[in-house]
Each structure stands twice: as C-alpha cells, then as structure tokens.
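Enquirer: Dropping the sequence and predicted coords here.
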Amino acid sequence: MLEGITSEAFILGCSAIGAGLAMIAGIGPGIGQGHAAGRGAEAVGRQPEAQDDIVRTMLLGQAVAETTGIYGLVIAIILLFVRPLLTAYLNL
Amino acid sequence: MLEGITSEAFILGCSAIGAGLAMIAGIGPGIGQGHAAGRGAEAVGRQPEAQDDIVRTMLLGQAVAETTGIYGLVIAIILLFVRPLLTAYLNL
Amino acid sequence: MLEGITSEAFILGCSAIGAGLAMIAGIGPGIGQGHAAGRGAEAVGRQPEAQDDIVRTMLLGQAVAETTGIYGLVIAIILLFVRPLLTAYLNL
Amino acid sequence: MLEGITSEAFILGCSAIGAGLAMIAGIGPGIGQGHAAGRGAEAVGRQPEAQDDIVRTMLLGQAVAETTGIYGLVIAIILLFVRPLLTAYLNL
Amino acid sequence: MLEGITSEAFILGCSAIGAGLAMIAGIGPGIGQGHAAGRGAEAVGRQPEAQDDIVRTMLLGQAVAETTGIYGLVIAIILLFVRPLLTAYLNL
C-alpha cells in the first residue's frame, strides 16, 4: 500500500522524472561537439597556419549544437524550480 | 493505495513526464549540428579563402537541423504551460 | 486504490506520455540534416562555383529527412488537441 | 485496485502510449535520408553536369528509406483512429 | 488488485504498447537504406554511364535492409488484429 501519497507529491515526483528525462537531450551536444573538437584538432594539425579560422568556425558550430542541450536544461529547471504543474493544481 | 491522488494530479504528473520525453528529441540536432561544425572547421582549414561561403552553408544547414529540437521544446512548453489535456478534462 | 483517478483522466494522462514519446522521432532528422549540413559546407569549400546547386540539393534532401519528424509532431498534436481516444471513450 | 479506471479506458490509454512509441521509428529515416542528402550535395559539387541523375538517385533511395517511418505512422493512426483492440474487447 | 480492469483488457492494453515498441525496429532500415541512397547517388555522380547497374544494386541491397522493418510491422499487425495472446487466455 502506498497510502500516504498525496496529489501534490505525485505531481512533484513525476516532475523529478520529467526533469531527468529532459537532461537526456544532453547526449546529443556531447557527441556532436566532441566530434567537432576532433575534426577541428585534426584540421589544425594539417593546417596550423589556419588555426584561428578553424577554431572560430568550430566554436561557432559548437555553440549552435549546444542549443538543444540548453533547451533540456531549461525545461528541467522549470520543472524543478518554477513547477507550473503544481501551481496549476493548487489554483484549480 | 494511492488514495490521495486526484484525476487532475494524474494528468499533470503525466504531463511532466511527457514534457521530459519530448526534450529527448534534442539528441538529434546536437549530434547533427556538431557533425556540421566539425566538417565546417575542417573545410575552413583546407580552403580559408572560402570561409564565408562555408560558414553560411553550415549555419543554413544547422538551422534546418534545429527544427525538430524546437518541435520538442514547443510540445514540452505546451504540456507545462498550456495544459490542453487538463483543460479537456475540466471541460468534460 | 487509485480511487480518485477517473477513466477519462487515465486516457488523458497516457496521451501526455504518448505525445512526449512521439517527439523522440525528432532525433533522426536532427542527426541526418546536420550531417547534410556538414557535407554541404565541405562541398561548398571545395567547389564554391557550384554553391547554388550544392545548397539546393542539400535543402531538397533535408526536406525529405524532415518528414518523419513532422509525422511525430502531427501525432503529438493530435494526442494533445484532437484526443480521438477520449472521444472514442465518451462515445462508448 | 484501479477502481475508477474501466477496462475500456485502460486499453485506450495504453493505445496512446503505443502510438507515441511507434513514431520513434522516425529516427531512422531522418538519419538515413539526411546522410543521403549530404552525399548527394557533395556529389553535385563534384559533378554538377550529372546533377539530374544524382538527385533522382538520391530521391529514389530516400523514398525507400521513408517506408519504415510510414509503417510507424500507419500503426499510430490505427491505434488512434481504428482501435482494433477496443473493438476486440467490446466483442468478447 | 486491479479490480476495475479485467484480464482481457490488461492483455489488450499491453498489446497496444507492444505494437508500438515493435515499430521502433524501423530505425534500422531507415538509417541503412539512407546510407545506401547516399553512396548510390555518389556513385552515379562518378560513373553516370553505370547508373542503371548502380540503382539496381542499391535497390536490391535496400530491399534486404527493409526486412527487419517489415518483421516489426508484421508483429505489430499480429498484436493488433490476430491477438494470439488474448486467444490463449480465453482458451485457458
């Protein structure tokens, strides 16, 4: 028996799971940016004189790849600290 | 017994999990855009004189790759803040 | 006992999870389109004079890759806003 | 006891989850077709005079890669709108 | 106890989830066939005079790659329309 679980606890518990799931998005930028770092390092090895241009392009592209990881982080933080679903429940 | 959990709380709790699941879509753009960043950096190393064209093509293609990550974010935000399923339940 | 959860709430809660799951499809276009962006940028670096043809082919192929991500979005929107399963239940 | 949830609601709720799961198949065509788009763009850059043949082959191959994504969509639509499992239950 | 849900409904509900899970197999053919499409397009660019042979080989290989996606579809259709598990239960 799970007699003691209230509705509020259920919403908050599910929010914890949701926040964790959202962070799984971080797999993507991690792989992609690492790939970019590898290719960038390789390119610098081949053309050291173009190091500045290579690194700038790598960082620009990595910044774009970061975005979906940040989306996941934002949703997780909203679930943990803003808690719109609990607010919605309390306002019913 | 889960005596204390109401129908509204159940829908909201599931919405938290659904929002988290939707963010997992972000894995894709992260990997793909990072790949683009790597290829772009490499290409700039080989043809620095074509840097502008390379970076423009890279960013254009990355913007297309971002779309499905944004779809996931939109669905998560709808689940957290618009809550159409709770509204549907309350309107029954 | 889940005494407080009605049948309608159960269907709607599961719909929230289903909508989140459907968005996971977005992983694919994200990876694939990013790959296309990388190859496109590389090709523009090597043959800048063919930039228009390269970018057109890249965007055409990316548009095809987008389709399954849009399928997932459509199913999620149906689950959240059309709710055919709830309608089916109410019509029993 | 899930006293408030009827058998029909349980089947319909699980159908929502099943429909979402089926859409995950869309990951594959997204990755594969994007890869094809990248190779196609690259090939057009190298042999612009063969652009028509390259694009036709790319689109033909992408159409084949689309099939499993469409299978997933068909199963999701069956679960949401045809509901054979509910029919089977009602006919018991 | 799941008093409100009958055994038959439980089997049918789980069948809906199983059908969705089976479709995830479609990820594989989607990736593989797209890869084949990319290599095929590339090859046509290099040897346009061999286009027929290239496309025939690509389609033959893609047809083999399709098989596991079709297996998943067949299992999903069996779960939804043949329902051997329900039959087994009713014959107990």
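Expert: It's in.

Enquirer: The longest helix anywhere in chain A near chain D at all?
Expert: Assignment by DSSP state H gives helix A:51-77 as the longest helix of chain A. No: contact of helix A:51-77 with chain D (CB under 8 Å from any CB of the partner chain) is absent, the minimum separation being 14.3 Å. Where C-beta positions appear, they are placed from N, C-alpha and C, glycine not excepted.

Enquirer: got the buried residues for that helix?
Expert: Residues of helix A:51-77 classed as buried: A:53-55, A:57-58, A:60-62, A:64-69, A:71-76 (neighbour count, 16 or more other CB atoms under 10 Å in any protein chain shown).

Enquirer: which helices and strands sit right next to it?
Expert: helix A:7-23, helix A:27-46, helix B:7-23, helix B:27-46, helix B:51-77 (3 or more CB pairs under 8 Å, 6 or more residues apart in numbering or on different chains; DSSP states H and E).

Enquirer: Single out the most deeply packed of the ones you listed.
Expert: helix B:27-46 (a mean of 32; mean count of other CB atoms under 10 Å in any protein chain shown).

Enquirer: May I have the residues that are in contact with residue A:28?
Expert: A:65, A:68-69, B:26-31, B:34, C:27, C:30 (CB atoms under 8 Å, 6 or more residues apart in numbering or on different chains).

Enquirer: quick one: which of those residues is nearest to chain E?
Expert: Chain E lies nearest to residue C:27 out of the contacts of residue A:28, by CB to the nearest CB, at 9.1 Å.

Enquirer: For the most centrally placed residue in chain A, which non-adjacent residue is closest in space?
Expert: Taking CA atoms, centre = their mean, the centroid of chain A lies closest to residue A:69, which sits 2.7 Å from it. Among residues not flanking residue A:69 along the chain, residue A:29 sits closest, at 4.0 Å (CB to CB, 6 or more residues apart in numbering or on different chains).

Enquirer: gap between residue A:61 and residue A:32?
Expert: 9 Å (CB to CB, to the nearest Å).

Enquirer: wait, doesn't residue A:26 sit right on residue A:71?
Expert: No: using CB atoms under 8 Å, residue A:26 is not in contact with residue A:71, being 10.3 Å away.

Enquirer: what is in contact with these two at once?
Expert: Common neighbours of residue A:26 and residue A:71, using CB under 8 Å, 6+ apart, are residue B:26.

Enquirer: So, low pLDDT: which residues of chain A?
Expert: A:1-3 (pLDDT under 70).

Enquirer: repeat that for 90
Expert: Low-confidence regions of chain A, defined by pLDDT under 90, span residues A:1-6, A:92.

Enquirer: on that earlier part again, now tabulate the helices and strands packed on helix A:51-77 in a markdown table and tack on distance to residue C:46.
Expert: Formatted as a markdown table, the helices and strands packed on helix A:51-77 follow (distance: least, CB to CB, whole Å):
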| stretch | distance to residue C:46 |
| --- | --- |
| helix A:7-23 | 39 |
| helix A:27-46 | 14 |
| helix B:7-23 | 37 |
| helix B:27-46 | 7 |
| helix B:51-77 | 10 |
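
Enquirer: on that earlier part again, please list all residues in contact with the residue nearest to residue A:69.
Expert: By CB under 8 Å, 6+ apart, the residues touching residue A:29 are A:65-66, A:68-69, B:26, B:30, B:34.

Enquirer: sorry, back to before: contacting residues for the residue nearest to the centre of chain A?
Expert: Taking CB under 8 Å, 6+ apart, one finds A:25-26, A:28-30, B:26, B:30 in contact with residue A:69.

Enquirer: ditto for residue A:51
Expert: residue A:44.

Enquirer: Then residue A:88?
Expert: Contacts of residue A:88 by CB under 8 Å, 6+ apart are B:12, B:83, B:86.

Enquirer: What about the closest residue to residue A:24 other than its chain neighbours, how many residues nearby?
Expert: Once flanking residues are discounted, residue A:24 sits nearest to residue B:24: 5.0 Å by CB to CB, 6+ apart. The number of residues packed near residue B:24 is 25, by other CB atoms under 10 Å in any protein chain shown.

Enquirer: Just to check, residue B:24 is in contact with residue C:25?
Expert: No: in terms of CB under 8 Å, residue B:24 does not count as a neighbour of residue C:25; the distance is 10.1 Å.

Enquirer: Residue A:55 contacts residue A:40, doesn't it?
Expert: Yes: counting by CB under 8 Å, residue A:40 is a contact partner of residue A:55 at 6.5 Å.

Enquirer: Now for these two: what residues contact both?
Expert: residue B:41.

Enquirer: Residue A:86 and residue A:15 touch, don't they?
Expert: Yes: between residue A:86 and residue A:15 there is a contact under CB under 8 Å: 7.4 Å.

Enquirer: anything in contact with each of these two?
Expert: In contact with both residue A:86 and residue A:15: no residue, using CB under 8 Å, 6+ apart.

Enquirer: now the residue nearest to the centre of chain A: how far from residue B:33?
Expert: According to CB to CB, residue A:69 and residue B:33 sit 11 Å apart.

Enquirer: same check, this time on residue A:27
Expert: According to CB to CB, residue A:27 stands 13 Å off from residue B:33.

Enquirer: swap in residue A:23?
Expert: Separation of residue A:23 from residue B:33 (CB to CB): 18 Å.

Enquirer: Check residue A:76 too.
Expert: According to CB to CB, residue A:76 and residue B:33 sit 21 Å apart.

Enquirer: Relative to the whole chain's centre, how far out is stretch A:31-48?
Expert: Remark: stretch A:31-48 is offset 23 Å from the chain centroid, using CA atoms, centre = their mean, to the nearest Å.

Enquirer: Stretch A:21-40 too?
Expert: 10 Å.

Enquirer: Please save the CA atoms from it in PDB.
Expert: Extracted as PDB, the C-alpha positions of stretch A:21-40 are listed here (Å, rounded to 0.1, in the frame of the first residue of the first chain):
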ATOM      1  CA  LEU A  21      14.300  12.700 -18.900                       C
ATOM      2  CA  ALA A  22      14.800  16.200 -20.300                       C
ATOM      3  CA  MET A  23      18.500  16.100 -19.500                       C
ATOM      4  CA  ILE A  24      18.900  13.000 -21.700                       C
ATOM      5  CA  ALA A  25      19.000  15.500 -24.500                       C
ATOM      6  CA  GLY A  26      22.500  16.300 -23.400                       C
ATOM      7  CA  ILE A  27      23.700  13.100 -25.100                       C
ATOM      8  CA  GLY A  28      23.400  14.900 -28.500                       C
ATOM      9  CA  PRO A  29      25.500  18.000 -28.000                       C
ATOM     10  CA  GLY A  30      28.000  15.900 -26.100                       C
ATOM     11  CA  ILE A  31      28.600  13.600 -29.000                       C
ATOM     12  CA  GLY A  32      28.300  16.300 -31.700                       C
ATOM     13  CA  GLN A  33      30.600  18.800 -30.100                       C
ATOM     14  CA  GLY A  34      33.100  16.100 -29.300                       C
ATOM     15  CA  HIS A  35      33.100  15.200 -33.000                       C
ATOM     16  CA  ALA A  36      33.600  18.800 -33.900                       C
ATOM     17  CA  ALA A  37      36.500  19.100 -31.500                       C
ATOM     18  CA  GLY A  38      38.100  16.000 -33.000                       C
ATOM     19  CA  ARG A  39      37.800  17.300 -36.600                       C
ATOM     20  CA  GLY A  40      39.000  20.800 -35.500                       C
END
